[in-house]
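In: model this:
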Amino acid sequence: MKMRFKSALLAAGCAAVALALTGCGGGDSEDKASPAQLIRVNSAAALAQVSADDYDANVDGIVTGATLKRWMSDWAAQRPPGVTGKLVILQATAGPAGAEFIKPDGVNVFTYLSPSSEWVQTRSNGVIETVSMVPDGAAMDALFKKYAIDPTRDMIVAAMGTGSNPNAMAQGRIWYALRYWGVERGHLAVLNGGNQWLNGNGLAAADFQAAASTAPNSGSFSVKSLQVDNTALQATVQDLLAVLPGVNSNQKGDGVLIWDARSASQYSAGQVVERGEDTDPDTAGNQACASALCVPTNVDNYRWTFQNGGSRQGHPWGTLQLQYTHMLDPTKGFAYRPKSVLAGYLAGNVDANGIGLIDASYAPVGAGNGYQDGDTVYVYCETTFRAMITGIVSAVILGKPTRFYDGAMVEWNSLSYIADRTGNAILPANSPWRTDVKSFFRPAMATAEVAPRTITDPYAWGTDAIVESDRGYKTGESVAGGGGGGLPSNPCGG
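Out: Down below sits the predicted model:
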């Protein structure tokens, strides 16, 4: 009865809001000029940006060492249009010996060490507490203070330092947090490739030094001054549940492509592994998979696919899988592959090794059966670190409307009527936020393996407490807790 009562209130509230909005976008209304009304709300489509075919031609989004070199050589004359401040390079790690940090000049160019731990935060969406979420407004303001950044004037470049898969994820987290909080595309870039490759490919040994700039901790800028709402970049559990199909198969024409950036072994809960993977990591001396996909030797022992004490492994219905590693070229400092290659992957093409997007049948979807015109791409992995790479491909290189399911599988797999190691079910059987009912999964092999989770409210009205809190931080307006106070953030949908 509790949930029926809430649903009735929600329906009545939506009806009232619909009448008040006079068609949501037509009609005349008095402008009360509240802080929220003065903020431009951007859709995922509005936030997408298309890279040039030649990454050297970009002045935001994906930029190359050659572009950075040009900027560094004469910042005052070469800085991008609309940028009137300094060049701030945020390196996720130090580079290798001889190419540790891109060399600042201490006047116009500054390079700071900014690890990925600064760009994530444990937060509650109203139902569950989740690790590695986008930082809140206070944390972002602290970062602007630490690095003395004014994102309305400065150019911010997210760099890896040492090129690697994890460091490409880390620079993606920097981009995502800044874009989510409203930094305009013309003031934000991702440097393509790690320092070990950039040294000789756009930059030279003289363009590096052993130490980073000292963070001045003197900034005064607040995200409250960024009068745009880019929270559409984040997809919540509620959002993902709303777009999943009713069956576990690829659904063309439904307006979405949901991309799992993890390995095929995690997507399939150990039923298949991908080329190069050990076909049974729990068994010593096994041969690696030599074809595009292989069946593990011991398909029943799938424990090795689990992470973070998860209650289950698998994937949401209707999602497609292509591992993030294929987006990067390890021979070029883990730089993003050419735009044409990435576009082929998203369209459903396979590469020379037979690797491409697969569906729940564990077969490639086939050319033309991936992204469809008008689709919004939802990206996720375990903690939306790997999905930062697939999301950069989709949103920044290919220019597709993209949303990041930031809670990711660490959250999704937790929202289950499955017992943890305390013997208690993580969610009650009648919670409306059980995701196990819309997932292919295989449960943990023993409850002792399942970590307890912090549940805020299994009967919350919504899962957008983070988004609503972040909007409230900008406007200073009171925001109801528990996932948005019972009304959708956009009563007209979208």
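In: Distance of residue 59 relative to residue 155?
Out: Computed with C-beta to C-beta, to the nearest Å, the distance linking residue 59 and residue 155 is 9 Å. Yep, even glycine has a C-beta here, placed from its N, CA and C like the rest.
In: Same check on residue 184?
Out: Applying C-beta to C-beta to residue 184 and residue 155 gives a distance of 11 Å.
In: More neighbours: which of the two?
Out: Each of residue 184 and residue 155 has its neighbours counted (other C-beta atoms under 10 Å); residue 155 has more, 26 against 15.
In: And the pLDDT at that one?
Out: The model reports residue 155 with a pLDDT of 98.
In: host element of the closest residue to it other than its chain neighbours?
Out: The spatially closest residue to residue 155, leaving aside those adjacent along the chain, is residue 83, at 4.7 Å (C-beta to C-beta, 6 or more residues apart in numbering). Residue 83 belongs to no helix or strand when assigned by DSSP states H and E.
In: Could you pull up the residues touching residue 83?
Out: Contact partners of residue 83, counting by C-beta atoms under 8 Å, 6 or more residues apart in numbering, are 153, 154, 155, 186, 187.
In: could you redo the last one with a cut-off of 7 Å?
Out: By C-beta atoms under 7 Å, 6 or more residues apart in numbering, the contact list for residue 83 reads 155, 186, 187.
In: Now for residue 59 and residue 155: what residues contact both?
Out: By C-beta under 7 Å, 6+ apart, the residues touching both residue 59 and residue 155 are residue 80.
In: what does stretch 186-195 contact?
Out: Outside stretch 186-195, the residues that touch it by C-beta under 7 Å, 6+ apart are 55, 60-65, 68, 80, 82-83, 95-96, 99, 151, 154-164, 167, 171, 175, 178-179, 201, 208, 332-336, 392, 396.
In: Just the ones of those residues in strands?
Out: In strands, defined here by DSSP state E, the members of the contacts of stretch 186-195 are 61, 62, 63, 155, 156, 157, 158, 159, 208, 335, 336.
In: and the two most separated of the residues you listed?
Out: Spatial extent of the ones in strands among the contacts of stretch 186-195 (C-beta to C-beta) is set by the pair 61 and 208 at 23.6 Å.
In: okay, now the domains of this structure?
Out: Here the domain parsing of the chain from automatic domain parsing is 44-233, 234-451.
In: could I get those domains as a markdown table with distance to residue 468?
Out: Putting the domains of the chain into a markdown table (distance: least, C-beta to C-beta, whole Å) gives the following:
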| stretch | distance to residue 468 |
| --- | --- |
| domain 44-233 | 9 |
| domain 234-451 | 10 |
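In: Please name whichever of the ones you listed is nearest to residue 460.
Out: Smallest distance to residue 460 across the domains of the chain (C-beta to C-beta): 4.3 Å, for domain 44-233.
In: where does residue 109 fall, phi/psi-wise?
Out: Backbone torsions for residue 109, taken as degrees, to the nearest 10, come to phi -120, psi 130.
In: Run a quick neighbour tally on it.
Out: Around residue 109 sit 21 other residues, with neighbours defined as other C-beta under 10 Å.
In: Residue numbering should commence at 658 henceforth.
Out: In the new numbering, first residue 658, that becomes residue 766.
In: circling back: out of the domains of the chain, flag the one nearest residue 1123.
Out: Across the domains of the chain, closest to residue 1123 is domain 701-890 (C-beta to C-beta), at 5.3 Å.
In: Quick check: end-to-end length of the closest one?
Out: End-to-end distance of domain 701-890 (C-alpha to C-alpha, to the nearest Å): 6 Å.
In: Check stretch 777-795 too.
Out: End residues of stretch 777-795 are separated by 12 Å (C-alpha to C-alpha).
In: go on, stretch 731-749?
Out: Taking C-alpha to C-alpha, stretch 731-749 runs 25 Å from one end to the other.
In: Tell me how far residue 1023 lies from residue 920.
Out: Separation of residue 1023 from residue 920 (C-beta to C-beta): 21 Å.
In: do residue 885 as well
Out: 36 Å.
In: who's more crowded, these two?
Out: Neighbours around residue 885 and residue 920, counted as other C-beta under 10 Å, are more numerous at residue 920. The numbers are 19 against 16.
In: Quick check: phi and psi at residue 1035.
Out: According to degrees, to the nearest 10, residue 1035 has phi -110, psi 130.
In: Verify the stated contact: it with residue 1060.
Out: Yes - counting by C-beta atoms under 7 Å, residue 1060 is a contact partner of residue 1035 at 5.2 Å.
In: Pull out the buried members of the contacts of stretch 843-852.
Out: Among these, those classed as buried by 16 or more other C-beta atoms under 10 Å are 712, 717-722, 725, 737, 740, 752, 756, 808, 811-821, 824, 828, 832, 835-836, 858, 865, 989-993, 1049, 1053.
In: any low-confidence regions in the chain?
Out: Across the chain, the ranges flagged by pLDDT under 70 are 658-694, 1135-1151.
In: what are the ranges of the helices in it?
Out: Here the chain has its helices, by DSSP state H, at 659-677, 701-704, 722-730, 732-735, 794-803, 822-837, 852-855, 894-900, 921-924, 996-1004, 1043-1049, 1065-1069, 1122-1132, 1138-1141.
In: Out of the ones in strands among the contacts of stretch 843-852, flag the one nearest to residue 762.
Out: residue 865 (13.1 Å).
In: Distance check, that closest one against residue 1126.
Out: Distance of residue 865 to residue 1126, given as C-beta to C-beta: 40 Å.
In: Buried residues, stretch 962-979. List them.
Out: Residues 962-963, 966-979 are the ones in stretch 962-979 that count as buried (16+ other C-beta under 10 Å).
In: Give me the subset of those that lies in strands.
Out: Using DSSP E, the members of the buried residues of stretch 962-979 that fall in strands are 969, 970, 971, 972, 973, 977, 978.
In: State the pair within the residues you listed that is farthest apart.
Out: 969 and 977 (19.5 Å).
In: ok, residue 1016 - contacts?
Out: 906, 907, 977, 1022.
In: can you rerun that using 6 Å?
Out: By C-beta atoms under 6 Å, 6 or more residues apart in numbering, residue 1016 lies in contact with 907, 977, 1022.
In: what would those look like in JSON lines with distance to residue 1009?
Out: Converted to JSON lines, these look like this (distance: C-beta to C-beta, whole Å):
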{"residue": "907", "distance to residue 1009": "23"}
{"residue": "977", "distance to residue 1009": "20"}
{"residue": "1022", "distance to residue 1009": "18"}
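In: List the buried residues of stretch 889-909.
Out: For stretch 889-909, by 16+ other C-beta under 10 Å, it's 889-898, 900-902, 905, 907-908.
In: Go through the residues you listed and name the one nearest residue 872.
Out: Using C-beta to C-beta, residue 890 comes nearest to residue 872 of the buried residues of stretch 889-909, at 26.2 Å.
In: who touches the closest residue to residue 708 other than its chain neighbours in this structure?
Out: Spatially, and ignoring its direct neighbours in sequence, residue 708 is nearest to residue 1054 (4.4 Å; C-beta to C-beta, 6+ apart). Contact partners of residue 1054, counting by C-beta under 6 Å, 6+ apart, are 708, 719, 996, 999.
In: for the residues you listed, which one is nearest residue 1014?
Out: Once C-beta to C-beta is applied, the member of those that ends up nearest residue 1014 is residue 999, at 12.0 Å.
In: just checking, the closest one touches residue 1052?
Out: No - using C-beta atoms under 6 Å, residue 999 is not in contact with residue 1052; the gap is 11.8 Å.
In: more crowded one of those two?
Out: Neighbour count, other C-beta under 10 Å: between residue 999 and residue 1052, residue 1052 has more, with 26 against 20.
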